[in-house]
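[1] structure for the following, please:
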Amino acid sequence: MYDMVAEINPDEYTAQDIVEAFEHEYVAEILAALNDPLSPQELSDKTDIPIATVYRRLELLEERGLIEMSDKLNDN
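    The predicted structure is shown next:
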């Protein structure tokens, strides 16, 4: 089975993308937590940000090109 994971995308964003993304609450915490690829649930657990908010912020960050979402084989 696969889980969706988020990781930093070092190539595909502009300064404007960064500025606009940081206007939203929790963006800094989510980006700081992404030292390694993490699933939305792992991000929520690590940061104590509600899971629905994590999903919305990940979508925003992916749209801005700051992160990439991919599938990862889980341990189960």
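[2] moving C-terminal from whichever helix or strand S44 is part of, which element do we reach first?
    According to DSSP states H and E, S44 maps onto helix 40-47. Once the chain leaves helix 40-47, the next helix or strand it forms, by DSSP H and E, is helix 51-63.
[3] now what about that following helix, what contacts it?
    With Cβ atoms under 8 Å, 6 or more residues apart in numbering as the test, helix 51-63 has contacts from 6, 21, 24-27, 30-31, 40-41, 43-44, 47, 49, 67-69. No exception for glycine: its C-beta is placed from N, CA and C like everyone else's.
[4] next, count neighbours for A52.
    The local packing of A52 (other Cβ atoms under 10 Å) involves 10 other residues.
[5] looking at this protein, which helix or strand is least sure?
    strand 2-8 (a mean of 71; mean pLDDT, DSSP states H and E).
[6] so which elements touch it?
    The criterion is 3 or more Cβ pairs under 8 Å, 6 or more residues apart in numbering; DSSP states H and E, and the helices and strands that strand 2-8 contacts are helix 40-47, helix 51-63, strand 67-73.
[7] mind listing what's buried along the longest one?
    Read that as helix 51-63. 53-54, 57-58, 60-61 (16 or more other Cβ atoms under 10 Å).
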